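Peer 1: The amino acid sequence is not available; the structure is as follows:
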């Protein structure tokens with residue numbers, strides 16, 4: 001097997017395995033609560049939506065552009081973007 005084919009096969013296998021792991025937290029979403037955001041239209045936080053589960057120490061932040069950020073208590077990590085309509 002060529003090295004390029006081998007690396008591509010490992011990448012596909014890794015992506016296949018990691019997707020369900022990232023989606024695994026969805027069974028515990030019942031603890032997510034909306035965090036109020038009263039930012040004025042001219043404030044930097046305007047349009048952002050915040051959700052938090054203080055018991056599980058998780059948070060989701062959605063930007064006005066549709067980007068999703070996830071945190072397990074150690075900073076936000078970008079996880080998804082709004083899909084373009086093509």
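Peer 2: Received the coordinates, thanks. Owing to the predicted nature of the structure, the values given are computational and were not obtained by experimental measurement.

Peer 1: rest of the way, CA atoms for contacts and neighbours
Peer 2: Noted.

Peer 1: In contact with the nearest residue to residue 71 once chain neighbours are set aside, which residues?
Peer 2: Of all residues not flanking residue 71 in the chain, residue 59 sits nearest, at 5.1 Å (C-alpha to C-alpha, 6 or more residues apart in numbering). Residue 59 makes contact with 32, 50-53, 70-73 under the criterion C-alpha atoms under 8 Å, 6 or more residues apart in numbering.

Peer 1: List the ones among these that fall in strands.
Peer 2: Using DSSP state E, the members of the contacts of residue 59 that fall within strands are 50-53, 70-71.

Peer 1: re earlier: tell me which of the contacts of residue 59 is nearest to residue 4?
Peer 2: The nearest member of these to residue 4, counting by C-alpha to C-alpha, is residue 70 at 32.4 Å.

Peer 1: Now do the closest one: how many residues are near it, please.
Peer 2: Around residue 70 there are 19 other residues, counting by other C-alpha atoms under 10 Å.

Peer 1: For it, give me the pLDDT.
Peer 2: pLDDT recorded at residue 70 is 92.

Peer 1: for residue 49, same thing?
Peer 2: As predicted, residue 49 sits at a pLDDT of 94.

Peer 1: on that earlier part again, can you convert the ones in strands among the contacts of residue 59 into TSV and add a column each for distance to residue 42?
Peer 2: Below are the ones in strands among the contacts of residue 59 laid out as TSV (distance: C-alpha to C-alpha, whole Å):
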residue	distance to residue 42
50	18
51	22
52	24
53	28
70	25
71	26
